[in-house]
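Engineer: Provided below for reference: sequence and predicted model.
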Amino acid sequence: MSPESPSTDGLPGHILEFGEELRGEGIAVGTSELLDSFEVLKEVSWTSQEDFREALAATLAKSQEDRRVFELVFDRFFFRAVELAAARQGVQEEDLAMLDELSDEELDALRTQIAAAMRDGSEGALRDLARMTIAAFARRQEGSGVIGVDVQRIRRALGLRTEPQPDLPADDPRRDGLPRDALRRFEALLRRELERGQIERTGNLPPARALGELDRALPSGPLADLAAVHRVVAQLRRLLATQGLQARGHRNPSHVDVRRTMRASLQTGGVPVVLKFRPRRPRRPEIYVLCDVSTSVTSASVFFLSVLHALHDTFRKMRSFVFIERISEVTDIFERERNFKAVSERIAGDAGVADISGYTDYGRVWSEFLTQVEDDLNPRSTVIVLGDARTNGRDPRADIFAQIAARAGRTFWLNPEPRLYWNYGDSVIAAYEQYCTAFECWTTAQLEDFVRALARPAIAGAR
Amino acid sequence: MPTSSPPPASIADVAEGLRAVGYLPGESTALVSYLATKLGKPVLVEGPAGVGKTELAKALASYLGRELVRLQCYEGLDEAKALYEWNYRKQLLRIQAEASGTGWDAVQDDIFGEEFLLARPLMTAIASEEPVVLLIDEIDKTDQEFEAMLLEVLSDFQISIPELGRVEARTHPIVLLTSNNSRELTEALKRRCLYLWLDYPSLEHELEIVRLHAPELSETVARRLVEVIGMVRDLDLKKPPSIAESIDWARALLLLGATDIDADTFTETMSVIVKHRTDMDVVAERVGLKLRSPADVA
C-alpha cells in the first residue's frame, strides 16, 4: 500500500477491527501500537503474507504469550475476512472430482497417503488430502454438523494416532506413531476446510467465537510439558525473590540500635550525635502447603509439585505435605533434593503417601493435619491447599477445616479446575470456601495472581 | 570510526547485508531490523540465552558501518553509570587551583561545563556526531526505576542534565534492547518498542549458520551435529546449548578430525555443549544411547 492512498481497499479498517479483536482476547493493544502498525505497513509490501504478519506482530504482540494468541487470532480473523468477501460476491469453489462411495481399499490408500504426508511434513499435500478426506466422508455419511465432532470422527476413522501401532505392517508410516505437531496441523486443516464448506453452504459466517480459555491453559500433560512448566515457575521464583528484595529496601528505621549508637558516639567524644537504627526486616512467613496427588488431579499435580519446589527455594520456613487418603510430610525431600525430577520420583516412590483406595478423603486429611501441626499454627502462618475438593462422596468435615483456618493467619485454596466446574458432582469447594480464599489456578496468569496475593499481605503483616 | 553506509532500501537488502557480515538472519529478524532503520523505533529483542541477540546488534552495527555503543545492564545499575557523571576529582582540583581571588559565579560556571562531564554509554550514544547502534543488553536485569528513566531516552532521544540543560540527539541511533525474559518488562517500555522474538533456529537454518562459521566441516557431519543439538535441546536441561556452542562444537570436531558423530566422539566432546553436571548425566543417558545404534549399523 502506498502512503498516498491509505483507504482504497479498506485495509486500515481491517487492521482496526483486528486490533479490536486482539483486545477482546486480552492483549493490550493501545492506540500507539495501532499507529505503529500503520507506520510499519507503509514500509513492507502487504502482498507478502509472511512480511505482513511479521510486521503486524512486531508492533502489536509484545511478548511470547501475546505472540501465540496473535497467531491464533490472525489466522481466524483473516480467514474469516476472506471468506466473508467470497460469500458476499457469491464465489463458489469448483467441487472436487466426485468421489463415489469409498471402498475400504481406497480408504486405506488415503490413510497411508495422509500418514506419509505428515511424516514428510509437506503442508500443501496435507491440505489437498484434508479436502479429499472431507469430500469422501461427506459422501460416506452425514456430518454431525458440529465441526469439532466431525474432525475427531474423521481422525478416528483414519486411525491416525501419535502412539506407535505395532500391529500394523512394517511399511505403514503410522506404525511408529505420527508426529504430534503434524497431526495437530492436519486437524486444523480439516477444521478449516469444514468451516469453509459450512460458510459456502449457508452463504454466511458463523458468529465469531472467542478463543477458548483452554487454548491457552497451562501445559498439563505428561512429563513432556514439564520443561514448559519449569519456565513458568522459574519466572515466579524470580518474582518472589525480587519482591522480597523490595521489602528489604523499604526498611523503616524505628528501633534505636544502642550498641551501634554508642560505638558511633566515640567519634564525637561520647556524645551520641548520630543515632543508629536497627533495620526492620520483613518476617518470612511460615507456610504450610497441602498438595493433593490423587488421580483426579494427576495432570495438575506435576505442576503443583513444581510450584511447591519453587516455593521451597524462596521461603525458608515451609512445610509441605502430600495427601490422597492420608497425609505425609515431604518437607525433607524438598530440602534435600535440589533436582525436581528426583523429588517427583521420590514422592511417587518410597516417600509416597499412605494410600489404600486411591480416593481422596478430605475429612481424614484435615484431622491428621491438625494433629500434626496444631501446636505450630499461629496467626503468622499461611496454609495453602492445592486440590480439587472432590471428596468422592465422603464427609468434607468443613468444621475441622474451619479450625485450621481459624488458627492460621491466612488460608488459601488453589483449585486446578475452572470455576465453572466447582460444586458440580462431588466437588465441595463451597463448604471450604467460606473459611479461606479460593483461587482457580490452571493458567499462568491465575497463578501469578495468587503469588501476588501471597506476597503482598505477608509484607504488610510484618509492619 | 567506520564510515556510515546509506540506509537499506528493502528487507532483502538488510538480509543480504547481515549475511555479508557473518550473521544469518531469520525472516522476521531481517524484517524487524529493516523497520528499525526505517522508523527509528527501538527494538526489544527477547529469546532464550544464546540465540544471537547481542550478536544481532553487533552485526547490524558493522553492516550499517556504525559504531556500537553497549550498555550492559545489571542489578543496581544507576544513572551515574548509564547516563553521565560529574568528574568530582577534576572539579575539586579546579576549585583548588583557583582557590582564591575568583568569585563563586565564575567557578560555578566553570566546573559544570562539558569538560567535567563523564559521558556514560547512553550519553555517548545520544551525543555522538555519527549515528550509532545502541545496545542495551539484558534490560531485564535492572529494576523498574531504571526502565522508567530509559523512557525519556528512548522516546525523545534526549537527556536532561539539571546543571547544563537538555542534550538532544544529533543523529538518530538505532536502539536494541535485549531481554532474557527473566522479568516482565513494563508496558510503557514495551509500547515504545518493536518486538522481536528470537528462538532457536530451525534445523536447516542452524545448519547454514554452522557451515558459515566452520566451512571446512563436511556437510554430513554438520547435518548430524545440528540434529544432535536439536535432540539435546528437546531434553529438559538447565541450560540448553546455544548457537555459539554448536559453532564451538563444530570447531572442536574439526580439530579432532572427526568424520562422524558416534557415541564415543559424543561422550568425549559433550562438555563443549553441555555445561552442568546434572545435564551431562541426562544427555549422556538419553542422546548417547540413541547415537550408538547408527554407529553399529554403519
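Structural biologist: Great, that's in hand.

Engineer: please list the residues of chain B that sit near chain A.
Structural biologist: Taking C-beta under 8 Å from any C-beta of the partner chain as the measure of proximity, chain B contacts chain A at B:11, B:27-28, B:31-32, B:34-35, B:38-39, B:41, B:44, B:46, B:143, B:181-184, B:187, B:190-191, B:193-197, B:236, B:278. C-betas here are computed from N, CA, C, even on glycine.

Engineer: swap in 7 Å and give it another go.
Structural biologist: When proximity is defined by C-beta under 7 Å from any C-beta of the partner chain, chain B lies next to chain A at B:11, B:27-28, B:31-32, B:35, B:38-39, B:46, B:182-183, B:187, B:190-191, B:194-197, B:236, B:278.

Engineer: how much space separates residue A:126 from residue A:132?
Structural biologist: Plainly put, residue A:126 is 11 Å away from residue A:132 if you go by C-beta to C-beta, to the nearest Å.

Engineer: any idea how far stretch B:125-132 is from the chain center?
Structural biologist: Offset of stretch B:125-132 from its chain centre (C-alpha atoms, centre = their mean, to the nearest Å): 19 Å.

Engineer: quick one: end-to-end distance for that stretch.
Structural biologist: Its start and end residues considered, stretch B:125-132 measures 6 Å (C-alpha to C-alpha, to the nearest Å).

Engineer: that one: which residues count as buried?
Structural biologist: Residues of stretch B:125-132 classed as buried under the neighbour-count rule (16 or more other C-beta atoms under 10 Å in any protein chain shown) are B:125, B:126, B:127, B:128, B:131, B:132.

Engineer: repeat that for stretch A:402-410.
Structural biologist: Taking 16+ other C-beta under 10 Å as the criterion, stretch A:402-410 shows A:402, A:403, A:404, A:405, A:407, A:408, A:409, A:410 as buried.

Engineer: ok, now stretch B:29-42?
Structural biologist: With burial defined by 16+ other C-beta under 10 Å, the residues of stretch B:29-42 counted as buried are B:29-39, B:41-42.

Engineer: just the C-alpha atoms of that stretch, please, in CSV.
Structural biologist: What follows is stretch B:29-42, C-alpha atoms only, in CSV (Å, rounded to 0.1, in the frame of the first residue of the first chain):
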residue,chain,number,x,y,z
THR,B,29,14.8,-10.7,12.2
ALA,B,30,15.6,-9.1,8.8
LEU,B,31,12.2,-7.5,8.7
VAL,B,32,12.3,-6.0,12.1
SER,B,33,15.8,-4.8,11.6
TYR,B,34,14.7,-3.1,8.4
LEU,B,35,11.8,-1.5,10.2
ALA,B,36,14.1,-0.3,12.9
THR,B,37,16.3,1.5,10.5
LYS,B,38,13.4,3.0,8.7
LEU,B,39,11.2,4.1,11.5
GLY,B,40,13.9,4.8,14.1
LYS,B,41,12.0,2.9,16.8
PRO,B,42,13.8,0.9,19.4
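
Engineer: all strands for the chain, in order.
Structural biologist: Defaulting to chain A. Using DSSP state E, the strands of chain A run over residues A:255-256, A:277-278, A:286-292, A:318-323, A:327-329, A:381-386, A:410-415, A:437-440.

Engineer: not quite, I wanted chain B
Structural biologist: Taking DSSP E to define them, one finds strands in chain B at B:43-46, B:67-72, B:84-86, B:117-119, B:132-137, B:158-161, B:165-168, B:174-179, B:194-197.

Engineer: all good on my end, thank you.
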